[in-house]
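In: coords please:
(one chain, ligands or ions: 1)
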Amino acid sequence: MRLIPTLVLPMLLVANGVAEDHGHDPAPAPKPPAAANKPAPAADPHAAPPGSEPAGQGLDAKRALERLMQGNQRFVIDVMNKSHKDADRRTEVAKGQHPIAIVVCCSDSRVPPEQLFDVGLGDIFVVRTAGNVIDAIGLGSIEYAVAHLHAPLIVVMGHERCGAVTAAISGETAPGHVLAITDKIQDNLIGTEPAKGDPVDQAMRINAKAVARQIAESVPILRPQVASGALGVVAVRYDLDDGKVELIP
Ligand SMILES: [Zn+2]
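Out: Predicted coordinates for the structure are as follows:
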């Protein structure tokens, strides 16, 4: 098998339907959602016509992650390519989209996923919120990309020195609707071990993994996809200083 060890282990862990730190066997996958037995929905207006680029651009979760990581390596050494960033690609994806991954990341202006993964138009389906937390609307967005666009991979990306995480662990009550974000992050930190090293970085990692777990276990759409191996979910950390994306173990 042509596996890249550093990429595959977390993938397999989440591909089994549970995060790696649960300490018990995966619960049996629920039956397919009732919706699966219903007649096929009306034609997806975003779907490509028959004969065009296949779902996920022909990549499974492992290959999609490899492609993103290769793009990040180009970004790190500042040799990004022009692929999928020109007018031809614009014309191509105007007919339909087949993103290779869904990226859930922070709204922080320093972490635009298309750039740091060196991908172009139609390549990734992005859900961004401060602190890369997820709610019902975010899950619905992800479900759409999985069920209708057949993206094979979900990447939850936290980042170094995240302001939302910093606010969440500051001990202060956030103002206005920011409170909804810090509450989410704080919920994701409940019951976790006291931080070792940089507390913001540790909390960011825990938060990203928790969000990945919430996505992987979401029913009725996502969990069966993960359990079947059709969908991979990973958590990664982006380093603001050197531009590197690394898997969070
Ligand atoms: Zn952030």
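
In: From here on, just use CA atoms for contacts and neighbour counts.
Out: Fine.

In: Where does Thr192 sit, in terms of helix or strand?
Out: Under the assignment given by DSSP states H and E, Thr192 is not contained in any helix or strand.

In: Against Gly171, how distant is it?
Out: 16 Å (C-alpha to C-alpha, to the nearest Å).

In: swap in Leu153?
Out: 35 Å.

In: Sketch out the low-pLDDT regions of this structure for me.
Out: The model of the chain has pLDDT under 70 over residues 1-53, 194-195.

In: hmm, the helix ranked longest in it touching the ion?
Out: Among the segments of the chain that qualify as a helix by DSSP state H, the longest is helix 199-216. No: using C-alpha under 5 Å from the ion, helix 199-216 stays clear of the ion, coming no nearer than 8.6 Å.

In: helices or strands next to that helix in the packing?
Out: Packed against helix 199-216 by the contact rule (3 or more C-alpha pairs under 8 Å, 6 or more residues apart in numbering; DSSP states H and E) you find strand 153-159, helix 163-168, helix 178-189, helix 222-227, strand 232-238.

In: Flag every buried residue along that helix.
Out: 200-216 (16 or more other C-alpha atoms under 10 Å).

In: Helix 178-189 and that one, what's the angle between them?
Out: 80 degrees (axes from the mean of the first three to the mean of the last three C-alpha atoms, to 10 degrees).

In: any idea how far helix 199-216 is from the chain center?
Out: Relative to its chain's centre, helix 199-216 lies at 12 Å (C-alpha atoms, centre = their mean, to the nearest Å).

In: Then stretch 66-86?
Out: 18 Å.

In: Report how many residues lie close to the closest residue to Gln225 other than its chain neighbours.
Out: Of all residues not flanking Gln225 in the chain, Leu231 sits nearest, at 5.4 Å (C-alpha to C-alpha, 6 or more residues apart in numbering). In terms of burial, Leu231 registers 27 neighbours under the definition other C-alpha atoms under 10 Å.
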